[in-house]
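>>> Provide a 3D model corresponding to the input given below.
(chains A and B)
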Amino acid sequence: MINLTINGKKVSAPEGSTIMEAAKLAGIEIPHLCHCPGIHTNGSCRICVVEIEGMKKLMASCIVKAQEGMVVHTSTERVRLARKIVYDLLISNHPKDCMACARNQSCELQALGGTLGILETHIHGEASPRRVDISPSITRDTRKCILCRRCVTACHEVQGVGAIFAQNRGFNTVIAPALGKPLNSVDCAMCGQCTVVCPTGALTETDGMEKVWAALTDPTKRVAVQVAPAVRAALGEEFGMTPGETVTGKMATALHDLGFDDVFDTNFAADLTILEEGTELLQRLTAALTGGEAVLPMITSCSPGWIKHCEHAFPTEVDHLSSCKSPHTMMGAVIKSFYAEKIGIDPKDMFVVSVMPCTAKKYEIQRPEMQNDGNFNVDAVITTRELARMIRTMGIDFTNLEDGSFDAPLGFSTGAADIFGVTGGVMEAALRTVYELVTGREMPGSNLHLVPIMGLEKIKEAEIKFENVKPEYAFLEGVTAKIAVTSGLKNADVLLTQVRNGTSPYHFIEVMGCPGGCINGGGQPRIRNNVPNYKELRIEALYNEDEGKPIRKSHENPDLLALYRDFLGEPGSHLAHELLHTTYTPRGHFNEWLDPDFQRKQAMEEMLIAE
Amino acid sequence: MGRSKGTKVFALAGDIVNSGIIEIPMGISMREIIYDIGGGMKDGKKFKSVQSGGPSGGCLTADHLDVSVDYESLAAAGAIIGSGGLIAMDENTCMVDTARYFMEFIQDESCGHCVPCRVGTKRMLELLQRMTNGEAEIDDIENLETLARTVSETAMCALGQTAPNPVLTTIKYFRDEYIAHVRDKKCPAHVCTALKEYSIDPEKCKGCGMCARGCPVGAISGEKAQPHVIDADKCIKCGSCKSVCRFDAVILT
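Numbers count the residues shown, from 1 in each chain, chains lettered A, B, ... in the order given. Alright, predicted model coming up:
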């Protein structure tokens, strides 16, 4: 322990603590902006400066380590004045129209002004050259960027993608993809982790609400909504509830109150995914073990950010991806075929909205593969944050809502579906079904959980041995299936490099694009400094949902079995393939030819040359 | 003399007779460097200031000529040894413009990482530009000083921490020049173009018309053999009238 004095108080802090951490132990909160605990510390904003006796200059308390005998003053007149001037400098290069900003009232820069007691600004001047870049998932408004570089850390260090970086220098510095290209022209996975850490409105999800409001007020549209599993574990946070408080019932009520005609659950499609993906896995294993050709390991395809990253970073390995669409696009396809037929509505008059913890899904629904008979499977995606905004706009008193429920026939789900939102969940859900299909017995494990693949470790492995199998799976007798689970694109790169090098020992790999899975997705409520274990709490919430359900295996979902019986046939049928499966595009590093803006520009340039 | 030992290499430049790279023992006086080694100011002009330490060094005055050149003494006077630049400036130098010039350089060098340097140097430059353009107000001197001090205290690296040195030292030692720029809208050294004002002394003017013929914008008018006048609205302050007048009738204020 290190002993120091902060504001006259004696403080003991663990070795290696920063002054800011030590101060926190003494109940002293040092205002800060660029520092994002656990993710990013680079001391660029200089808001957290403090006075240290014996040092000439003020020091950034987020970086400087506490030392034995140090005497620190965190809010002397000198410090307060310096903070005010630095803040004044920051906002002298920031738009002041806070009322018209997606981050109004949730902006860290705005809140800091209140903390520092800023009543007027004195510094004015020219603004840096800036641009607005709207990609399908993420909108970059660099006028609002304060260059804290949290997004750069999220993109480089956390995700290992490296799509954005500081370009130019000095006053002309801007965070942008290489050569100032638009985000949609580079290998950005659209995971949206940058939008979670951004303290201002510089990086946000591209608006999906406008389309949804328009559909809700259009009398000719039947609007169906579906909600991903992870949303229910985090939506409450937007209304001041603690992380991990599940709000499934309130959320269903709120969606009905918002005016959606059908409130369905993406969980249903998660169960559907398990049957399709499980069947695909068994087919691949069968082929491999009976002398046929099969690409193994098979890799899950529920996470569109991961899919896009794989297409960019491992274009030669896309055959390993399961051909299953992500659950919400499967749901969209089912709504616009099975359900539209059932209620006698032209699929063109159906409007499907997905509420997702994800920004990549906004991009995904625009992929040309995600349509059937000329109708896009899903028409709009809104994030958890956007749903909260819509609930507020509608004047719904969310915290006091009665519990409601999802609508039949696409609203019932098993516990296996709930854990789709957690890293390891898809794998566990798949094995619950696959093991039982092959052996006729329940998957061994503690309370149907495959413990080695639970939790937040970067790469998790497990083995499962098939013994006493059913006669039709005789070729699997004694086979040990090796599986791996990872989340976060940087960790996925490790497993995929093995796959590319031909050294991967696994049969089945689960990859989620965001660290921790969808519960920590790019569309989820932003990180709250006061709850450092928010990920664990959200994970626990989803496992609780799972354990609280009477049916916990996808293949036992009665509504799903009815869907197969009445409409799809059997898992992996021709119709199922048409509606629920997709193909992938090896893209390589740059994506510019898929960007309509780039194509337009290119076409214009060609016209000019022709003239 | 402080703890500094050995010798130090400087790049001596500016309005000085002998400019070049010099190596001096620590602790000799600035006067020895400027007059003995440098040979004094060019054209017999008066010494005004010496900037020590490169673009982010401080500007010292004639009062500092006997300061010993070592780390501690220079720091105490507000300058640094820094990169070893020594620029001697004569009486025709405007110190506000000098601060603006160095700030322009520093602002260009800022990497853009921390806020005080990235935005602070830009805002300091803008304030100095307003001063040399005659657009500043009297409070701006204090605003500039406070801003400069904060940038120096909070910047992340030595570039930002020392960047305000030219500003802080010129405000400290040549405050009257700042006041002249801001309050009287005058540049005492007649360097800042926007603050220059050319007029013709009717007593001295013989009406020869040389100035009117040389004026590139036709700002000068007058009958032959009568005193001429300069239209201040048209004048672009190029100074060609003053350079062609053989009777020293053009006054620069």
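>>> Tell me what the residue lying closest to residue A:168 once chain neighbours are set aside is bridged to.
Leaving aside its chain neighbours, residue A:168 sits nearest to residue A:174 (6.0 Å; criterion: Cβ to Cβ, 6 or more residues apart in numbering or on different chains). Bear in mind the C-beta positions are built from the backbone N, C-alpha and C, glycine included. Residue A:174 has these beta-bridge partners by DSSP bridges: residue A:167.
>>> Hmm, residue A:174 is touching residue A:164, no?
No - shown here, residue A:174 and residue A:164 do not form a contact pair, counting by Cβ atoms under 8 Å, at 9.8 Å.
>>> In terms of helix, strand or coil, where does residue B:203 fall?
The local conformation at residue B:203, judged by DSSP: H, G, I helix; E, B strand; the rest coil, is coil.
>>> how close does it sit to chain A?
Applying Cβ to the nearest Cβ, to the nearest Å, the value for residue B:203 to chain A is 45 Å.
>>> where's that residue relative to residue B:197, distance?
As judged by Cβ to Cβ, to the nearest Å, residue B:203 and residue B:197 stand 18 Å apart.
>>> quick one, which of residue A:174 and residue A:164 is more surrounded?
Per other Cβ atoms under 10 Å in any protein chain shown, whichever of residue A:174 and residue A:164 has more neighbours is residue A:164, with 24 against 20.
>>> Spell out the residue ranges of the strands in the stretch 1-150 of chain B.
B:7-14, B:20-25, B:47-52, B:58-61, B:85-90 (DSSP state E, counting those that start in this stretch).
>>> what angle do the third one and strand B:85-90 make?
Angle, strand B:47-52 to strand B:85-90, by axes from the mean of the first three to the mean of the last three Cα atoms, to 10 degrees: 170 degrees.
>>> Now strand B:47-52: average pLDDT?
On average, the pLDDT along strand B:47-52 is 94.
>>> Pull the distance from it to the chain's centre.
Put simply, strand B:47-52 sits 10 Å off its chain's centre (Cα atoms, centre = their mean, to the nearest Å).
>>> Name every strand pairing with that strand and say which way it goes.
Checking strand B:47-52 against DSSP bridges gives partners strand B:58-61 (antiparallel), strand B:85-90 (antiparallel).
>>> Quick check: which of those strands is nearest to residue B:46?
With Cβ to Cβ as the criterion, residue B:46 lies closest to strand B:85-90 of the strands paired with strand B:47-52, at 6.3 Å.
>>> quick one: low-confidence ranges for the stretch 1-150 of chain B?
Counting by pLDDT under 70, the stretch 1-150 of chain B contains low-confidence ranges at B:1-2.
>>> need the residues of it near chain A, please.
For the stretch 1-150 of chain B, the residues in contact with chain A (Cβ under 8 Å from any Cβ of the partner chain) are B:107-116, B:118-123, B:126, B:143, B:146-147, B:150.
>>> Cross these against helices and list the overlap.
Among those, the residues falling in helices (DSSP state H) are B:107, B:108, B:109, B:115, B:121, B:122, B:123, B:126, B:143, B:146, B:147, B:150.
>>> Any of the residues of the stretch 1-150 of chain B next to chain A buried? List them.
When those are checked for burial by 16 or more other Cβ atoms under 10 Å in any protein chain shown, the buried set is B:107, B:109-110, B:112-116, B:118-123, B:126, B:143, B:147, B:150.
>>> rewinding a little: make JSON lines out of the strands of the stretch 1-150 of chain B and add distance to residue B:165 and mean neighbour count.
Formatted as JSON lines, the strands of the stretch 1-150 of chain B follow (distance: least, Cβ to Cβ, whole Å; neighbours: other Cβ atoms under 10 Å in any protein chain shown):
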{"stretch": "strand B:7-14", "distance to residue B:165": "17", "mean neighbour count": "16"}
{"stretch": "strand B:20-25", "distance to residue B:165": "21", "mean neighbour count": "13"}
{"stretch": "strand B:47-52", "distance to residue B:165": "9", "mean neighbour count": "25"}
{"stretch": "strand B:58-61", "distance to residue B:165": "4", "mean neighbour count": "24"}
{"stretch": "strand B:85-90", "distance to residue B:165": "12", "mean neighbour count": "22"}
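>>> For burial, what's the neighbour tally of the nearest residue to residue A:248 once chain neighbours are set aside?
Distances taken as Cβ to Cβ, 6+ apart place residue A:232 nearest to residue A:248, at 4.3 Å, with adjacent residues excluded. As a burial measure, residue A:232 scores 28 neighbours (other Cβ under 10 Å).
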